[in-house]
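>>> below: sequence and its predicted model.
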Amino acid sequence: MKKKRTGLTAAIIIIVLALIGGGAYWYTSRTEFKLGRAGYSKEQIETIKSLFSEGEQTALINSPAQPDIITIAKSERYQKEHFEDYLKDLISGKKAQDILLDYDPWVITLRADECYKPEYLDLYLANRQDGTAEDAKYTINYVNMSLLYSEASEYDEARFEEYEAYRAKFPDLDPKEIVHRVNVSGEYLKEDYFIYAYLDRYEAYKEKNPDKTLAEVVQAVNTNIDRPYYTDIVTTDMSKGYQIMVNKYYKLPEDYSTKLESLSGYGNGYLEPTAAAAFKKMVEAGREAGVSLRSLSPYRSHSMQIWQYQVWVDAHGQEMADRESARPGHSEHETGYTLDINTAVEESHFERTKEYAWLMENCWKYGFILRYPENMEFITGYVFEPWHYRYVGPEHAEKIMKSGLTFEEYYAYYINNPDYQ
């Protein structure tokens, strides 16, 4: 009997030991225990269990404790797919905040931009909006340019977009100068063809003509019609090439001369070689389209212009002569870039012909523009001449004809603009 009791006692002891051993194994194998052994506190372990998957918890167990992984996971910049990258970078000694930025798509986009400046990163982050690629680009520009604009004592943050709009037109202008111009230009800045260099003239003209709109004021000053014809005459800038201006405010140099090429077979007279070649090509294209074009009155010498102008003066008086003819030195015909096509008299009503209609659709392709459009005498100084065409080159001709601007307006803003210069 005693022997049986001894055996039972031994069995019980074995079972108890097994239970204790199994419990100990279970306890020591638990994730919490392993995380604790890795160096995490109870509070950190609870947070880890709520934030990370089993696989991620295993990775933490198998690595030196990195409490900052919790900080990273709680951040709005946390990218779950980069968990292993975060952990690796933490182990290497990087700071949590830097790691978050390294894997933030918006910041990655920032850093890829050629205008990104590392020293301004905090400002970029402070001005972040929706986190899109477009936002990144805008933020870089906003911060970079705001800092430059703010060097001007008169900088007004509320006008940032106005500064940017002006800079888009004049990208080489100093930012401080942009701030000054925008701030003093007022409502004029909203006008498409505003030229800052003429601001004083705009204001003077507006004072004398209070009923004029700002657009009309800008148009008048840009084209010099705020001044009487043939006053403040300027010798045209020959460096402008085929875009030189010759009108009642601009004259040709006294010693002006040009090479000439005959238009034989395409009408009469001569034109400057490039203009002549373009005209011949245009005539050929017109023939294929069923229209007939020929040169009637192209290049005139200075002496011929003296004679022709005087004929007008003698016949109709100077006032009428100035409407219908140019004073010597002020005639486009003297340039060699201009000609009258098919006719030169109003009574022929060239504007009603298929030739005129074709020219309106196609002349720019060959570098020509209608020089004196209808209802634009107040700008050009001449009545409507549907036959009078001027060579300015295909690129400029297309812009002029499609914009509806007179050459005077186009020249003022796109060719002779002091701001662009």
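Noted; the coordinates are in hand.
>>> which residues of the chain fall in strands?
234-235, 250-251, 261-262, 270-271, 295-297, 338-341, 368-372, 385-391 (DSSP state E).
>>> dump those strands to TSV, plus mean neighbour count.
Glycine gets a C-beta too; all of them are placed from N, C-alpha and C. Output for the strands of the chain, formatted as TSV (neighbours: other CB atoms under 10 Å):
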stretch	mean neighbour count
strand 234-235	12
strand 250-251	20
strand 261-262	15
strand 270-271	24
strand 295-297	20
strand 338-341	25
strand 368-372	24
strand 385-391	25
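>>> nearest to S75, of these?
Among the strands of the chain, the nearest to S75 by CB to CB is strand 368-372 (62.0 Å).
>>> so what's the nearest residue in space to Y337 that is not next to it in sequence bridging to?
Nearest residue to Y337 in three dimensions, chain neighbours excluded: Y391, at 4.4 Å (CB to CB, 6 or more residues apart in numbering). Taking DSSP bridges as the rule, Y391 bridges to F368.
>>> before we move on, back to that, out of the strands of the chain, the one nearest Y309 is which?
So among the strands of the chain, strand 250-251 is nearest, using CB to CB, at 12.9 Å.
>>> from the chain's centre, how far out does that closest one sit?
A distance of 33 Å separates the centroid of the chain from that of strand 250-251, by CA atoms, centre = their mean, to the nearest Å.
>>> partners of that strand, with directions?
strand 234-235 (parallel).
>>> tell me how far the nearest residue to E408 once chain neighbours are set aside lies from E151.
With sequence-adjacent residues excluded and distances taken as CB to CB, 6+ apart, E408 is closest to T223, at 4.2 Å. Distance of T223 to E151, given as CB to CB, to the nearest Å: 36 Å.
>>> quick one, which of the two is more surrounded?
Using other CB atoms under 10 Å as the criterion, T223 and E151 rank with T223 on top: 27 against 11.
>>> if I look at the more buried one, how far off is T335?
For T223, the distance to T335 - CB to CB - is 19 Å.
>>> and M145, by the same measure?
M145 sits 43 Å away from T335, going by CB to CB.
>>> those two - which one has more neighbours?
Higher neighbour count among M145 and T335: T335, with 21 against 17, using other CB under 10 Å.
>>> ok, now which ones touch the residue nearest to the more buried one when sequence neighbours are not counted?
Setting aside the residues directly before and after it, T335 is nearest to V246 in space (CB to CB, 6+ apart), at 5.8 Å. Taking CB atoms under 8 Å, 6 or more residues apart in numbering, we find V246 in contact with 236, 252, 326, 330-332, 334-335.
>>> kindly report the same for V143.
V143 makes contact with 120, 123-124, 127, according to CB under 8 Å, 6+ apart.
>>> let me have those in JSON lines, adding pLDDT, neighbour count and distance to D104 as columns.
What follows is the contacts of V143, written out as JSON lines (pLDDT from 0 to 100; neighbours: other CB atoms under 10 Å; distance: CB to CB, whole Å):
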{"residue": "Y120", "pLDDT": "96", "neighbour count": "18", "distance to D104": "16"}
{"residue": "L123", "pLDDT": "96", "neighbour count": "16", "distance to D104": "16"}
{"residue": "Y124", "pLDDT": "95", "neighbour count": "22", "distance to D104": "11"}
{"residue": "N127", "pLDDT": "95", "neighbour count": "15", "distance to D104": "15"}
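>>> now, which of these lie within helices?
Using DSSP state H, the subset of these located in helices is 123-124.
>>> ok, of the contacts of V143, which one's closest to Y420?
Checking those against Y420 by CB to CB gives Y120 as the nearest, at 30.4 Å.
>>> is it true that the closest one touches Y142?
No - contact criterion CB atoms under 8 Å: Y120 and Y142 do not qualify, at 10.5 Å.
>>> measure S331 to R128 for me?
In this view, S331 and R128 are 62 Å apart by CB to CB.
>>> er, R201 actually
Noted for R201: a distance of 45 Å to R128, by CB to CB.
>>> higher neighbour count, those two?
Taking neighbours as other CB under 10 Å, R201 and R128 compare with R201 leading, 18 against 14.
>>> now the more buried one: closest residue in space, sequence neighbours ignored.
Per CB to CB, 6+ apart, closest to R201 is V221, 4.6 Å.
>>> mind listing what that neighbour touches?
Shown in contact with V221 (CB under 8 Å, 6+ apart): 195, 198, 201-202, 205.
>>> swap in Y193?
Applying CB under 8 Å, 6+ apart, we find Y193 in contact with 218-219, 222, 409, 412-413.
>>> so where's this structure uncertain?
1-29, 421 (pLDDT under 70).
>>> domain assignment for it?
111-149, 157-222, 234-415 (automatic domain parsing).
>>> how far does the last one sit from the chain's center?
Centroid separation for domain 234-415 versus its chain: 33 Å, with CA atoms, centre = their mean.
>>> same question, the shortest one
Remark: domain 111-149 is offset 19 Å from the chain centroid, using CA atoms, centre = their mean.
>>> before we move on, what about the second one?
With CA atoms, centre = their mean as the basis, the distance from the averaged C-alpha position of domain 157-222 to the chain average is 18 Å.
>>> end-to-end on that domain?
Across domain 157-222, the terminal residues are separated by 31 Å (CA to CA, to the nearest Å).
>>> got it, and the longest one?
Using CA to CA, the end-to-end distance of domain 234-415 comes to 15 Å.
>>> let's check: the centremost residue of the chain is which one?
Computing the C-alpha centroid of the chain and ranking residues by CA atoms, centre = their mean puts A168 first, at 5.2 Å.
>>> wait, Y116 touches L110, no?
Yes - here Y116 reaches L110: they are 5.4 Å apart, a contact under CB under 8 Å.
>>> identify the contacts common to these two.
Shared contacts of Y116 and L110, defined by CB under 8 Å, 6+ apart, are found at 124, 140.
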